[in-house]
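Student: This is a predicted model, with the sequence first.
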Amino acid sequence: MDEVHHVVHVDGIHLHRDAVVLIAVAGGHVIGWHVAKSEKAAAWQCLMARIAPPDVLVCDGGGGVLKAAKATWPDTRIQRCLFHVQANILEPAGRRPRLEAGRQLRRVALSLPRVGDAGGAAEWLVSYNRWEQDFASFLDEKSEYADGSVNDMHQRLVKARRMIRRRIREGQLFTFLDEGLASVGPVPSTNNLIESWNARLRDMLRRHR
């Protein structure tokens with residue numbers, strides 16, 4: 001636990017329904033792993049407790065990883081993987097949306113991982129805010145059912161809007177652009193590094209079953 005890394009990537013490799021390998025990578029090397037039944041916070045804490053707190057944690061934000069990081073590495077900054085955020089937007093928006101609001105949101109989502117500097121981040125936020133404004137009344141449309149209950153007519157898009165607002169509010173989309181952190185060393189905006197490790201490990205585990 002002596003070496004302090006600038007950036008640590010973490011992810012979970014699911015072997016089957018009741019087993020997952022939680023893995024941490026830094027500097028191109030696996031620096032820790034833990035086998036658990038799920039990605040709950042307690043399992044992530046078992047892994048993180050053996051690793052010195054890094055400057056930045058790059059992760060997808062799923063499971064209990066953020067709760068564990070807050071408890072174990074309270075001063076570590078979080079960079080959410082922009083490809084995962086993109087996927088989280090595309091899921092409710094749809095891969096081939098029929099509605100114009102969905103098509104426009106898909107364009108916003110696809111541009112997110114291409115952000116590479118502060119200007120690009122500002123442009124992305126402007127494009128998202130423009131989408132919200134252009135389709136505000138559309139997203140506020142309601143459906144009334146036979147039993148008298150009322151719900152959002154475009155539930156999937158409303159869900160996407162709620163999620164994006166939360167991601168922006170958390171301030172974990174563009175940590176990689178922080179000048180203070182960048183002066184120490186580059187901070188990736190995605191978890192691509194660990195995804196390549198995971199593919200190799202999955203192949204190895206599959207061969208040794």
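Tutor: Received the coordinates, thanks.

Student: Other residues contacting the helix or strand containing residue 91?
Tutor: Taking DSSP states H and E as the criterion, residue 91 maps to helix 82-93. Contacts to helix 82-93, defined as C-beta atoms under 8 Å, 6 or more residues apart in numbering, come from residues 60-62, 102, 105-106, 108-110, 112-113, 115, 156-157, 159-160, 163-164, 167, 173, 189-192. All C-beta spots, glycine's among them, are computed from the backbone N, C-alpha and C.

Student: Of those residues, grab the buried ones for PyMOL.
Tutor: Filtering these down to the buried ones (16 or more other C-beta atoms under 10 Å) takes a single PyMOL command:
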select buried, resi 60+61+102+105+106+108+109+112+113+115+156+157+159+160+164+167+173+189+190+191
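
Student: residue closest to the middle of the protein?
Tutor: The chain has residue 60 as the residue nearest its centroid, 3.3 Å off, counting by C-alpha atoms, centre = their mean.

Student: Quick one: residues contacting that residue.
Tutor: Taking C-beta under 8 Å, 6+ apart, we find residue 60 in contact with 11, 80, 81, 84, 191.

Student: again, only using 7 Å
Tutor: Residues near residue 60 by C-beta atoms under 7 Å, 6 or more residues apart in numbering: 11, 81, 84, 191.

Student: Residue 14 against residue 21, yeah?
Tutor: No - the criterion here is C-beta atoms under 7 Å, and residue 14 misses it with residue 21 at 8.2 Å.

Student: Could you identify the longest strand within the chain?
Tutor: Among the segments of the chain that qualify as a strand by DSSP state E, the longest is strand 7-16.

Student: Give me the sheet partners of the next helix or strand after that one and which way each runs.
Tutor: Toward the C-terminus, strand 7-16 is succeeded by strand 19-26 as the next helix or strand (DSSP H and E). Applying DSSP bridges to the sheet, strand 19-26 is found paired with strand 7-16 (antiparallel), strand 29-36 (antiparallel).
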